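Asks: Any chance you can model this:
(one chain, ligands or ions: 1)
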Amino acid sequence: MATRSPEALEAGFLAREDDRARVSVTRGYEDRREALATYFDSTARQAWIDLTSDVKVSGIRATVRAGRDEMRGVLLDWLPADLRRTRVLDAGCGTGALTIAAACRGAEITGIDVAGGLVDVARERAPSFTGHGRIWWKSGDMLDPSLGDFAHVVAMDSLIHYEIEDLVDALAKLTERTKVSIVFTFAPFTRMLGAMHKFGKVFPKSDRSPAIVPIAESDLRMHLSERIPSWEVKRTRRVASGFYTSQAMEIVKRG
Ligand SMILES: C[S@@+](CC[C@H](N)C(=O)[O-])C[C@H]1O[C@@H](n2cnc3c(N)ncnc32)[C@H](O)[C@@H]1O
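Replies: Model prediction:
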């Protein structure tokens, strides 16, 4: 079901069904997390550094970059405008653009990623002064309970590679230490992704990335209401820009 193009795959957005089959023999959150750590710290490292900078990129990657900029804006808009004295977790921070933007709005934010090499890049990119904001950079698992409690958690495109059960389980674990909201993205199941899947078949097997797992919004809502009944979906927004399609969702504590 997953799909990719040769350039967008390095951005982690598109992958082929045969990739998915390969990775799914090692199912489960931990196996997938380790595959992603290896991928983002080796094969995809330079592509991510470029994609998340302002260096010139190909037309396809430019559409991905534009979509990701828009998505980051959506997620940041769903956080309070004034983030001073507010603890935030950027779960799967990559090269840190969202972490830094939130810190510039005053957040006391932890940016964590399992790909330690990307966290090093994020650390180098962070300005030395962020006003009231403070950043703690960490390399490791976003679900590590030693990170403490947060008002808000953001997970931009960092859960899109997990099976729906693992994604929802990860969200459930995050709710245990989140007071107000979790904003995250998932890869929506669309006809476009189905078409891209066919397109992806023409590219060589050597160019592999961990698959993205397209998820139907209705399935996700059902899993969420069963697994985390004390939380509800507040809003959702799809961003589609060329080779980038991702859907934002905010869940909040009921009552
Ligand atoms: C598609 S990238 C997005 C990075 C960043 N959020 C952004 O939007 O630029 C996904 C990131 O999630 C990280 N990631 C995936 N699973 C993780 C986990 N369980 N704990 C920490 N980081 C994780 C990957 O290492 C990768 O850097």
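Asks: Can you give me the buried ones in the helix ranked longest in the chain?
Replies: Longest helix of the chain, by residue count under DSSP state H: helix 59-77. By neighbour count on 16 or more other C-beta atoms under 10 Å, the buried set for helix 59-77 is 60-61, 63-65, 67-68, 70-72, 74-76. Yep, even glycine has a C-beta here, placed from its N, CA and C like the rest.
Asks: tell me what it is packed against?
Replies: helix 45-51, helix 97-104, strand 178-186, strand 231-241, strand 244-253 (3 or more C-beta pairs under 8 Å, 6 or more residues apart in numbering; DSSP states H and E).
Asks: tell me the most buried of these?
Replies: helix 97-104 (a mean of 23; mean count of other C-beta atoms under 10 Å).
Asks: for the helices and strands packed on helix 59-77, which one sits closest to the ligand?
Replies: Of all the helices and strands packed on helix 59-77, helix 97-104 sits nearest to the ligand, with 5.7 Å by C-beta to the nearest ligand atom.
Asks: What lies in contact with the closest one?
Replies: Contacts to helix 97-104, defined as C-beta atoms under 8 Å, 6 or more residues apart in numbering, come from residues 52, 72, 75-76, 79, 83, 88, 90, 93, 109, 111, 122, 125-127, 130-131, 133-135, 137, 154, 156.
Asks: Tell me the first helix or strand C-terminal of it.
Replies: Counting by DSSP states H and E, the next helix or strand C-terminal to helix 97-104 is strand 108-113.
Asks: elements contacting that next one?
Replies: Looks like strand 108-113 contacts strand 87-91, helix 97-104, helix 116-125, strand 134-139 (3+ C-beta pairs under 8 Å, 6+ apart).
Asks: Let me see the contact set for residue 137.
Replies: Residue 137 is in contact with 93, 96, 99, 110, 111, 112, 119, 122, 123, 126, counting by C-beta under 8 Å, 6+ apart.
Asks: 10 Å instead?
Replies: Counting by C-beta atoms under 10 Å, 6 or more residues apart in numbering, residue 137 touches 90, 93, 96, 99, 109-113, 116, 119-120, 122-123, 126.
Asks: hang on, the earlier thing: got the angle for the longest helix of the chain vs strand 231-241?
Replies: 150 degrees (axes from the mean of the first three to the mean of the last three C-alpha atoms, to 10 degrees).
Asks: Around the ligand, pick out the residues from the stretch 1-150 of the chain.
Replies: 12, 33, 36-37, 40, 52, 92-94, 97, 112-115, 118, 141-142 (C-beta under 6 Å from any ligand atom).
Asks: Just the buried ones from those residues?
Replies: Of those, these count as buried by 16+ other C-beta under 10 Å: 12, 33, 36-37, 40, 52, 92-94, 97, 112-115, 118, 141-142.
Asks: mind showing which ranges of this structure have poor pLDDT?
Replies: 1-27, 192-208 (pLDDT under 70).
Asks: got a list of what the nearest residue to residue 37 once chain neighbours are set aside touches?
Replies: Counting by C-beta to C-beta, 6 or more residues apart in numbering, residue 114 is the residue found nearest to residue 37 once chain neighbours are left out, at 4.3 Å. Residues near residue 114 by C-beta under 10 Å, 6+ apart: 33-34, 36-38, 40-41, 92, 138-142, 158.
Asks: which ones among those residues are found in strands?
Replies: Among these, the members falling in strands (DSSP state E) are 138, 139.
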